[in-house]
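Undergrad: With the input below, show me the fold.
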Amino acid sequence: MRCRTGPVDLPAHLDRLRSLLDAEREAERDRFAEATAKLSLAERATRGMAAVDLQAADEEGLAGRALVTFAAAVGRDPGGAQIGVGSPVRVVQRREVPEDAPSGIVARRTRGRIAVAFDEPPPDWVTEGRVALELLPSPVTYERLAAALRRMSEASRWHGTLRGEPLRFLPAARGPALATGLNPEQAQALDLADRAQDLALVHGPPGTGKTTVLVEVIRRAAARGESVLASAPSNLAVDNLVERLAAAGLDPVRIGHPARVLPAVLEHTLEARVREHDEAKLAARLVKDALQLRHAARKQRSRRGPGRFSESRAQEREARALLAEAREREDRAEADVLERAQVVLATLTGLESNALRARSFDLAVVDEATQAVEPAAYLALLKADRAVLAGDHLQLPPTVLSEDAQRGGLAVSLFERVARARPDAIVTLAEQHRMNERIMRYPSDALYGGMLRAHPAVARHSLDDAPLEVIDTAGRGFDEATPEGSESKANPGEAELVAAEAERLLARVSPRDLAVIAPYDAQVQLLRHRLAAYEDLEVDTVDGFQGREKEAVIVSLTRSNEAGDLGFLADIRRMNVALTRARKKLVVVGDGATVRRHPFYDGFFRYAESIGAWQSAWTR
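TA: Predicted structure coming up:
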């Protein structure tokens, strides 16, 4: 859908977003209902919606919750590509769903191991035999987005911005001037963000340091004593911000379920900070006393003799009073921690948690804003007087399942819409600190008008004299296929070649420094199975690798057919992500006869040929 650049009829716009959101919710419901009704557990695993043949390997605690780690047999991939950290899942048996099937949140996932946090200890059968994990749909996200639309219709503070009216900027930055190591474009973005009275945008192409700019925006606001709310669509992006802010000397408080938080960030969570508060420590003692009183009350009722029931009731009343006082003290501890925090962080949908529901802030900062549907960005705007959004609308857009919602524009982020309507409110960063210049050049020319430049520290860094290699499989007979019970694509022949290339590179780099990525889940599953011996090697989808980087990356394009059908590979934003993850070595494997029918891929293969980076798979 093309974004309108003229004035927006806001009530009609909000109504349209509401209907598109409804369509998206129905699409997700239908997808899960159809999968449950028509597909076996094994087929759902193939589609990434379940992980099968697991067994409990470890049990421990996580912030007061039960954490069970499930493991697959050695060398086996359990499937469930869509199950990641933060996913809600249900534990089932291989042939049935028991009545007491518990639900939890995925806390960690590595090759063949999935750790799930449960609010209560799960039934014994969960840890005593073979089980499966099913991905669950969650209505909470849609309910919060719908609520954001309702509240935004009444929030006149932001109506002008959303209609596309001119944004307001102070003549000079608020300051104070702090020591930074920013390059000219980053400094310009910081200045614009610091002068914004409504909204400012930081456009960060791959590796250009948009998060670095946001950290400096927050540092300045904190130095002024302003309250700051920082957010992002994903838990991983929020945790990255927490780590960066802590490293910069700030005091961040992270709100979110401990299972959704990286272990390195747990000490900064609201729960961890509250536990260390004096009021909370006293509350814990009150809870302990209350439980002892309740135990004594139960014993009193079981005794014989007069007065036993009156004494028992008195003990119960005292226990309830202690628990009420404990809750009040915990609430005071939480309020004090949030009041003292220099910056509070949560995912966009996490901003609707009880801890933040009644709070407002001077400034809201949203990282990876281009991956959020517009109503999700409202959740941040509604809590602040002004906002700064950072992202790149030329990388992956928000994930939208419904074709109707996609056509209607739900995948157009607020960042993208404002960027087109108000180009005066955006600064584009230009110096990237990730890629060898040869890896960077084609994405820069094809998508960013050739404006990107490589910092001297990275421009020539490489593992060898060929930082870019394109291996053309045309004519090898590596045809794509659709695995049974799947809608995804796989290419077994290409997977074997990619695995061989990975093993060749692993002779020079650690598995931790290499990633193998593909646009399709089915191809990822093939590659994971083929490369299962390398435990620390990441094999993932392109979408799953957004925002990440490695020393070396191998990309399997997968598609190979006579019709030249590229499917969603035709969305060149996905390939922009794939081509810009590698720092020193990028290997792209694909069928030129198929993909070169698209001008973007033809240009990429021509570029590779022009610098001597193209070669036929027949020579490998």
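Undergrad: And residue 305, what's its pLDDT?
TA: Residue 305 carries a pLDDT value of 54.
Undergrad: And residue 369, by the same measure?
TA: 97.
Undergrad: Report how many residues lie close to it.
TA: 32 (other C-beta atoms under 10 Å). No exception for glycine: its C-beta is placed from N, CA and C like everyone else's.
Undergrad: does it really touch residue 414, like I thought?
TA: Yes - using C-beta atoms under 8 Å, residue 369 is in contact with residue 414, at 7.0 Å.
Undergrad: hey, what's in contact with both of the two?
TA: The contact sets of residue 369 and residue 414 overlap at 377, 389 (C-beta atoms under 8 Å, 6 or more residues apart in numbering).
Undergrad: For residue 249, see how far away residue 261 is.
TA: 21 Å (C-beta to C-beta, to the nearest Å).
Undergrad: now swap in residue 557 and tell me
TA: Distance from residue 557 to residue 249, by C-beta to C-beta: 44 Å.
Undergrad: what about these two, which has more around it?
TA: Comparing residue 557 with residue 249 by other C-beta under 10 Å, the one with more neighbours is residue 557, at 28 against 9.
Undergrad: Count the residues that sit near the nearest residue to that one once chain neighbours are set aside.
TA: The shortest distance from residue 557 to any non-neighbouring residue, by C-beta to C-beta, 6 or more residues apart in numbering, is to residue 590 (3.0 Å). When counting by other C-beta under 10 Å, one arrives at 28 neighbours for residue 590.
Undergrad: Could you do residue 228 as well?
TA: Look at residue 228: counted by other C-beta under 10 Å, it has 25 neighbours.
Undergrad: And residue 154, by the same measure?
TA: Residue 154 has 9 nearby residues by other C-beta under 10 Å.
Undergrad: just to revisit the earlier point, so what's the residue nearest to residue 557 bridging to?
TA: residue 472 (DSSP bridges).
Undergrad: Which other helices and strands does the longest helix along the chain contact?
TA: Longest helix in the chain, counting residues (DSSP state H): helix 308-340. The elements that helix 308-340 packs onto, with contact taken as 3 or more C-beta pairs under 8 Å, 6 or more residues apart in numbering; DSSP states H and E, are helix 270-275, helix 278-302.
Undergrad: winner for burial among those?
TA: helix 270-275 (a mean of 20; mean count of other C-beta atoms under 10 Å).
Undergrad: Pull the residues that contact that helix.
TA: 63-64, 253-255, 258, 266, 280-281, 284, 330, 333-334, 337-338, 355.
Undergrad: From these, keep the buried residues only.
TA: Taking 16 or more other C-beta atoms under 10 Å as the criterion, what is buried in the contacts of helix 270-275 is 63, 253, 254, 255, 258, 280, 330, 333, 334, 337, 338, 355.
Undergrad: rewinding a little: tell me who's in contact with the residue nearest to residue 557.
TA: So residue 590 contacts 470, 471, 472, 473, 494, 555, 556, 557, 558, 559, 560, 601 (C-beta under 8 Å, 6+ apart).
Undergrad: pretty sure the third one contacts residue 591?
TA: Yes - shown here, residue 472 and residue 591 form a contact pair, counting by C-beta under 8 Å, at 7.3 Å.
Undergrad: more neighbours, the two?
TA: Ranked by neighbour count (other C-beta under 10 Å), residue 472 and residue 591 place residue 591 first, with 26 against 23.
Undergrad: The stretch 301-450 of the chain: helices as residue ranges?
TA: 308-340, 374-381, 403-408, 414-421, 437-447 (DSSP state H, counting those that start in this stretch).
Undergrad: Could you check those and tell me which one is nearest residue 47?
TA: Of all these, helix 403-408 sits nearest to residue 47, with 17.9 Å by C-beta to C-beta.
Undergrad: how about the closest one: buried residues?
TA: Under the neighbour-count criterion of 16+ other C-beta under 10 Å, helix 403-408 has 405, 406, 408 buried.
Undergrad: Which one of those is nearest to residue 441?
TA: Looking across the buried residues of helix 403-408 and measuring by C-beta to C-beta, the closest to residue 441 is residue 406, at 31.3 Å.
Undergrad: That closest one - nearest residue in space that isn't next to it in sequence?
TA: Closest to residue 406 by C-beta to C-beta, 6+ apart is residue 400, at 4.9 Å.
Undergrad: give me every residue that touches that neighbour.
TA: Contacts of residue 400 by C-beta under 8 Å, 6+ apart are 24, 373, 406, 410, 411.
Undergrad: which two from those end up farthest apart in space?
TA: So, the contacts of residue 400 by C-beta to C-beta: farthest apart are 373 and 406, at 11.0 Å.
Undergrad: Could you measure from the nearest residue to residue 165 once chain neighbours are set aside over to residue 555?
TA: Nearest residue to residue 165, sequence neighbours excluded (C-beta to C-beta, 6+ apart): residue 7, at 7.5 Å. According to C-beta to C-beta, residue 7 stands 42 Å off from residue 555.
Undergrad: try residue 547
TA: Residue 547 is 16 Å from residue 555, by C-beta to C-beta.
Undergrad: which residues touch the residue sitting nearest the centre point of the chain?
TA: Nearest residue to the geometric centre of the chain (C-alpha atoms, centre = their mean): residue 234, 2.9 Å. Residue 234 makes contacts with 347, 368, 371, as judged by C-beta under 8 Å, 6+ apart.
Undergrad: again, but for residue 598
TA: Per C-beta under 8 Å, 6+ apart, neighbours of residue 598: 564, 566, 570, 572.
Undergrad: how about a cut-off of 10 Å?
TA: Residues counted as contacts of residue 598 (C-beta atoms under 10 Å, 6 or more residues apart in numbering) are 564, 566, 569, 570, 572, 575, 604.
Undergrad: tell me which element the last one is part of?
TA: Read that as residue 604. Per DSSP states H and E: residue 604 is located in helix 599-610.
Undergrad: For the helix or strand just after that helix, list every residue counted as buried.
TA: Next along the chain after helix 599-610, taking DSSP H and E as the criterion, comes strand 614-616. Neighbour-count burial for strand 614-616 flags residue 614 (criterion: 16+ other C-beta under 10 Å).
Undergrad: same question, stretch 587-605
TA: For stretch 587-605, by 16+ other C-beta under 10 Å, it's 587-592, 594-596, 598, 600-601, 604-605.
Undergrad: go on, stretch 170-184?
TA: 173, 182, 183.
Undergrad: you'd agree residue 480 is up against residue 526?
TA: No - judged on C-beta atoms under 10 Å, residue 480 makes no contact with residue 526 at a distance of 11.3 Å.
Undergrad: who has more neighbours, these two?
TA: residue 526 (25 against 22).
Undergrad: measure the closest residue to the more buried one other than its chain neighbours to residue 69 for me?
TA: Leaving aside its sequence neighbours, residue 526 sits nearest to residue 495 (C-beta to C-beta, 6+ apart; 4.2 Å). Remark: distance between residue 495 and residue 69 (C-beta to C-beta) = 29 Å.
Undergrad: Which one's more surrounded, these two?
TA: More crowded of residue 495 and residue 69, by other C-beta under 10 Å: residue 495, with 26 against 18.
Undergrad: show me where pLDDT drops low in this protein?
TA: Applying pLDDT under 70 to the chain flags the ranges 1-6, 62-64, 74-75, 77, 111, 259, 300-310, 485.
Undergrad: Check the burial of the closest residue to residue 553 other than its chain neighbours by counting its neighbours.
TA: In this structure, residue 553 finds its nearest non-sequential neighbour in residue 582, 3.8 Å apart by C-beta to C-beta, 6+ apart. Other residues lying near residue 582 total 28 when counted by other C-beta under 10 Å.
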